[in-house]
Each structure stands twice: as structure tokens, then as C-alpha cells.
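Q: Here you go, sequence then predicted model.
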Amino acid sequence: MKFNINRPAFIKYITDVQRAISSRTTIPVLTGIKMVADKTGLMLSGSDSDISIEIFIPIEDESNDLEIIKEGGIVLPARIFNDIVRKMSDEKLTIEVGDNLQTHITSANAAFKINSIDVESYPNFPTIDSNEVISLPTNLFKQVIQHTVIATSTQESRPILTGVNITIENGTLKAVATDSHRLSQRIIPINIPESLSENSYKVIIPGKSLIELSRIVEDQDTIDMMVTENQVLFKAENLYFYSRLLEGYYPDTNRLIPTTSSTNLVMNAADLLQATDRASLLSHEGKNNVVKLSISDEKVELSGNSPEIGTVREDLQYQEANGDPLVISFNPDYLKDALRTFGHQDVMVSFTAPIRPFTVVPVDNHTDIEQAYIQLITPVRTY
């Protein structure tokens, strides 16, 4: 195998593929990046068994300056290969596989020769032979990921909660994540082909897979999704992103979301975020990471008390506060994560009781779908 390529463009491709490669894998060949060149272009592959990424660099894309001199394939150690390519100085890079699986990497006057692995020893990627292709609006789907993965669990004791539960039916995609302390739900309308309109899909995709997908998918109009028994494939223009699915039953989250409220607070999400951030300065220093919100007829106050450090109180500037007086305590980090997803929108925070979960929703929903965008947080008992 031998090819020339534009080095800056190549760096982006190998960086994206390396997102799927783990140095902690027990399979040595999976610490490598697989490259296969043929007359149509160059395919780069990386995998850690959970996530697999393939990026195809077509020969006709002139921005890559790709020239295939000799077809073939090789697996190179990903970390050191990436470092070498980054530290080369010239725009043009040449890679050639020589005798005894030694690969020559040259650019300007610098030349490296590194040991590599036979491409035949690299495991095959899962075969997804699916005629059921669902096209998702790329930017909106990336937004759904960003709004829901914040609530996935990081505890492997309940693996099912480390994923986002995605349901596609009746022309909508519903994504829900919960770590049992908080919940994020987003529902968006999607166009489903008439041949699939009767079908419904329920998959649980690991949160870390969706985070990596959102980082590398470009801003094209749509991304295709295909599902098999234990794998999902997201296909963009020259990108193939595979992820294993989590097996098991996701808890019924519909019953967790309150349908009524006794107290409501309307204010700007960014203002509430900044106030919560200030209150958490002391809560983070203390033993208990808790802040308190007090709503009365006269004022709305956010406070924190750390016996080791001191206290903080702040009267909030709000648009509206109505309903029963309320005092509720919660983890400020959960509220900050939720509020960041709303940007500078006005939000309504709705409470039912001091020991019941409360919800944060946008004031302007911009959709006819009920409960289309909800962040839910469980309070902390302080007695």
C-alpha cells in the first residue's frame, strides 16, 4: 500500500476515527487504526468493540489531495501514528507499507519507519443489512443528544441507566435519560417513510456513544439511522458510526413526570444558572452539596449554608411566581446542567411539594407535542 494525502485534512480524519479507539482494550489489534486503500479512496477504521467508526476519504474530493499509488491495507498503532502525523511539518504526507509489515511515513525531510499489524487480523465490523433507514435532521438530533445525555448515569451498577432510551413511533423520536436523581426528556417530529410508518423502534444507546457521535458528525441536513438486534448504525456522507445497544428494560419514566403543580416560577434560564452557580460556590466546599430555594408572596430567595465555610443568600429577579409558598432543597449541579441546555430562554420551574421532583420547561415550546422538552430534578431531604 502507498498513498499521498494532504496532512492537515488527514489529521482531522484520524482524530475522528481515534475517538473509537481505547488504549485500555484487551485486544491488541484494536489499539490500532486500520487503513485500506483502493482505487476509489481510503477507508479509515477504529473500534473499541462498543463503538466503531469508519471514515471514507474519496479520491474525487480534491481538498484531500489523495493519490493512491498502490492498493492495500495495514493497521498502525493509533496513538503514536497520530502524534507522528501531527508533528510533521509539510502539507504533503506519504505513507508506504514496506517489507515485514514496516510502514514508512514521510513528510518533507522527516521519515519514520514503524512496526505495524497485518490488516487481516483486524476483526470485521458488524454487518447491518437493513432496508429500514430512518433519516434524522442532523442539527436537531445533535441537540437532542446534548439535552439528554446530561442525565445518563455514570454508575456501572445499573448499566441500563448509562444509556439514552430512544423510541421512534407515530412520526416522533422520543429520547429519555435518567440516573434516578434527575431526568431529561426531548421529543422531536421526524419524517418516517410510509413503508415504515406502522413500525416502532425502541433502542437504548450508551450515552458515551451518542456524545462521540455528536462531536464528529458534520452539519449536513440529515443522518441515517439503521437498527439491528444489538447494534445501531448512524450513516452520514462518508461516515459510518456503529454502536452496540444496551440490553434490558428501561424503567417507565412517564409516571415520574408530574402533570400538575402547586407552585410555579418563571425566569430567565441564564440568570437562574448564574445565581445557582454562585450559591454552589459554598455548597461545593461543604460536606453536603445542597442549596435551598424559598418562594413566598414577597420574594424568591436562593441560599446556601456550609457550616464549615459560611452562608450565601440571593434575592432572584423573576418574571412570575405564583401558587403555594415553598421551601425546597436540591443538588445545584443537577439544576446547572439542566439550565445550560436552555441557553438564554425563559423557563418555567414547576413544583408540586418540597419532597417531590420538580420540572424545568421552556416557556415558549414552539411545538404542539406535549412534554416535548423537560428537565426533571429530584429534591434532597434535609431533615
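A: Nice, I can see it.
Q: Quick check: which element contains Leu44?
A: Taking DSSP states H and E as the criterion, Leu44 maps to strand 41-47.
Q: Point to the residue nearest the middle of this protein.
A: Centre of the chain computed as the mean C-alpha position; nearest residue by CA atoms, centre = their mean is Ile211, 2.0 Å away.
Q: and it, what is it in contact with?
A: Ile211 sits next to Ile145, Val149 when contact means CB atoms under 8 Å, 6 or more residues apart in numbering. All C-beta spots, glycine's among them, are computed from the backbone N, C-alpha and C.
Q: pretty sure it is in a strand, no?
A: No. Under DSSP: H, G, I helix; E, B strand; the rest coil, Ile211 sits outside any strand and is assigned helix.
Q: neighbours of Val133, just the number please.
A: Neighbour count of Val133, defined by other CB atoms under 10 Å: 13.
Q: so what's it closest to, chain neighbours aside?
A: Closest residue to Val133 apart from its sequence neighbours, by CB to CB, 6 or more residues apart in numbering: Asp224 at 5.0 Å.
Q: Now do the contacts for the one you found.
A: Val133, Ile134, Ser135, Leu136, Phe234, Lys235, Ala236.
Q: so the fourth one bridges to which residues?
A: Beta bridges link Leu136 to Ile223, judged by DSSP bridges.
Q: Please report how far it lies from Gln317.
A: Applying CB to CB, to the nearest Å, the value for Leu136 to Gln317 is 39 Å.
Q: What of the third one?
A: Ser135 sits 43 Å away from Gln317, going by CB to CB.
Q: quick one, which of these two is more surrounded?
A: Taking other CB under 10 Å, Ser135 and Gln317 do not tie; Ser135 has more neighbours (16 against 11).
Q: Name all residues that make contact with that one.
A: Contacts of Ser135 (CB under 8 Å, 6+ apart): Ile190, Asn191, Thr222, Ile223, Asp224, Met225.
Q: ok, and the most crowded of those residues?
A: Met225 (24 neighbours).
Q: Kindly confirm my reading that that residue is in a strand.
A: Yes. Counting by three-state DSSP, Met225 is part of a strand.
Q: Share the number of residues neighbouring the residue nearest to it when sequence neighbours are not counted, please.
A: Excluding the flanking residues, the one nearest Met225 by CB to CB, 6+ apart is Ile134, at 4.7 Å. As a burial measure, Ile134 scores 20 neighbours (other CB under 10 Å).
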